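Colleague: Below is the sequence, then the predicted model.
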Amino acid sequence: MKKMALFLSAALLYAVPSLTAQTGVSKPVLSPAPATQTAPALTTAATPVDTHAPNAASNSLASSPTYIIGPEDVLLVTVWKEPSFSGTFTVRPDGVISLPLVGDIPSSGMTPLKLSDDIAVRLKKYITTPLVTVSVQGVNSKRVYMVGQIGRVGPLPLTPNMTPLEAIATAGGPAPFANLKHIYLLRNVGGKQQRIPFNYKTAVKNGDMQGITLQPGDTIVVP
């Protein structure tokens with residue numbers, strides 16, 4: 001009996017490794033861990049470009065507290081709670097604007113703040129405490145004029161501290177046969193026309209160091 005039990009035990013010990021080899025299940029097979037998912041990159045929408053933005057140079061010039069109003073400038077006059085006295089007005093060639101009931105008001109040669117005070121004084125006949133604001137909406141009085149061998153002949157808006165070299169570049173540059181050494185400015189000084197020479201070649205070569213800053217009404221002549 002004991003011999004029979006020993007025989008069965010030995011048979012079982014022999015059969016288990018053989019069965020394992022046949023089925024191929026010796027060790028559990030572990031699946032690899034899934035790869036970490038990377039969050040998708042966030043994209044930022046492009047900021048739209050305002051193609052109707054006003055000219056920055058003209059805005060900075062008009063918003064200056066020392067800006068002097070001139071003929072053809074466009075003014076926005078706002079009287080608080082009084083729309084009948086408010087509106088947009090163009091300075092006439094004689095330097096005045098016309099408000100309802102008030103009539104003609106000299107404006108050329110004044111700053112917007114000074115003109116606001118003047119209008120407020122005139123409106124006291126009709127309004128107890130007028131609050132007036134004047135802003136420059138269009139800078140048309142500050143111009144220089146280009147004449148001769150230049151890309152674009154005619155008036156040119158004057159920007160703050162503009163030099164003759166900048167004005168010539170803005171007007172398209174000199175023409176192929178322009179006499180660059182004999183360009184000059186015509187300026188009205190005390191009722192008399194003054195001629196100011198400007199050497200374009202020197203300005204381009206050494207920098208615009210000739211100390212000339214354009215003034216409203218200047219004419220640049222490119223022979």
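Modeller: Thanks, I have the structure now. Computed from a predicted structure; not experimentally measured.

Colleague: From residue 161, how far off is residue 211?
Modeller: Distance check for residue 211 against residue 161: by C-beta to C-beta, to the nearest Å, it reads 12 Å. (Each C-beta comes from the backbone N, C-alpha and C, glycine too.)

Colleague: neighbour count winner among the two?
Modeller: residue 161 (10 against 6; other C-beta atoms under 10 Å).

Colleague: can you pull the contacts of that one?
Modeller: residue 213 (C-beta atoms under 8 Å, 6 or more residues apart in numbering).

Colleague: what helix or strand is it on?
Modeller: According to DSSP states H and E, residue 161 maps onto no helix or strand at all.

Colleague: Assess the claim that residue 149 and residue 200 are in contact.
Modeller: No - applying C-beta atoms under 8 Å as the test, residue 149 and residue 200 come out as separate, 10.9 Å apart.

Colleague: Give me the more crowded residue out of the two.
Modeller: Taking other C-beta under 10 Å, residue 149 and residue 200 do not tie; residue 200 has more neighbours (20 against 16).

Colleague: By mean pLDDT, flag the weakest helix or strand of this protein.
Modeller: Here the helix or strand of the chain ranked lowest by mean pLDDT, DSSP states H and E is helix 2-23, holding a mean of 47.

Colleague: Do a quick rundown of the strands in this protein.
Modeller: 74-79, 87-90, 96-99, 103-106, 132-138, 143-148, 154-157, 183-189, 192-198, 219-222 (DSSP state E).

Colleague: Show me what the fourth one is packed up against.
Modeller: Same thing as strand 103-106. Packing contacts for strand 103-106, counted by 3 or more C-beta pairs under 8 Å, 6 or more residues apart in numbering; DSSP states H and E, involve strand 96-99, helix 112-123.

Colleague: Now mean pLDDT, mean neighbour count and distance to residue 169 too, for the ones you listed, in TSV please.
Modeller: Below are those laid out as TSV (pLDDT from 0 to 100; neighbours: other C-beta atoms under 10 Å; distance: least, C-beta to C-beta, whole Å):
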stretch	mean pLDDT	mean neighbour count	distance to residue 169
strand 96-99	95	17	35
helix 112-123	96	17	30
